[in-house]
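Undergrad: This is a predicted model, with the sequence first.
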Amino acid sequence: MPLFNVGQDAIGGLNALNTSRPLYLLGAAAYLTVSSQQLEAMALLSLNAHSVGFAVAPMFSGFIRRLGYLTFTSVFLPLIPVS
């Protein structure tokens, strides 16, 4: 379960880069010497990649819930008494 959580956090962290990349591309920096259509296409690609990452990251959360349920209902692991 912790590995799934680390995977979800890694995808979410990398996905945050996709939200800031269009700001750098469309910021009219001097080193960006390509046409404006190419810059807009790269910015749109980053935003589309963000939407894909935003859809993929919650899948790991579903795995965590299912594994947690299976762990809770298993008879292999002893239950922790709550007083």
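TA: That came through, no problem. For clarity, every value in this text was computed on a predicted model and none was experimentally measured.
Undergrad: show me where pLDDT drops low in the protein?
TA: Residues of the chain meeting the criterion pLDDT under 70: 1, 77-79, 82-83.
Undergrad: 90 - rerun?
TA: Within the chain, the segments meeting pLDDT under 90 span 1-40, 42-43, 45-83.
Undergrad: and the longest helix for it?
TA: helix 36-73 (DSSP state H).
Undergrad: which strands and helices sit next to it?
TA: Packing partners of helix 36-73 (3 or more CB pairs under 8 Å, 6 or more residues apart in numbering; DSSP states H and E): helix 2-25. In short, each C-beta sits where N, CA and C put it, glycine included.
Undergrad: before we move on, what SS does residue 76 have?
TA: Assigned by DSSP: H, G, I helix; E, B strand; the rest coil, the conformation of residue 76 is coil.
Undergrad: Quick one: neighbours of it, just the number.
TA: Around residue 76 there are 5 other residues, counting by other CB atoms under 10 Å.
Undergrad: which residues sit in contact with it?
TA: Residue 76 makes no contacts at all, as judged by CB atoms under 8 Å, 6 or more residues apart in numbering.
Undergrad: Roughly how far does it sit from residue 54?
TA: Separation of residue 76 from residue 54 (CB to CB, to the nearest Å) stands at 36 Å.
Undergrad: With residue 32 instead?
TA: Applying CB to CB, the value for residue 32 to residue 54 is 26 Å.
Undergrad: Surely residue 11 and residue 57 touch.
TA: Yes: using CB atoms under 8 Å, residue 11 makes contact with residue 57 at a distance of 4.5 Å.
Undergrad: neighbouring contacts of stretch 43-57?
TA: 8, 11, 12, 14, 15, 18, 19, 21, 22, 25, 26.
Undergrad: Export those to a markdown table and append columns for distance to residue 68 and neighbour count.
TA: Output for those, formatted as a markdown table (distance: CB to CB, whole Å; neighbours: other CB atoms under 10 Å):
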| residue | distance to residue 68 | neighbour count |
| --- | --- | --- |
| 8 | 14 | 19 |
| 11 | 19 | 17 |
| 12 | 19 | 15 |
| 14 | 25 | 12 |
| 15 | 24 | 18 |
| 18 | 29 | 18 |
| 19 | 30 | 14 |
| 21 | 34 | 17 |
| 22 | 36 | 18 |
| 25 | 40 | 20 |
| 26 | 42 | 14 |
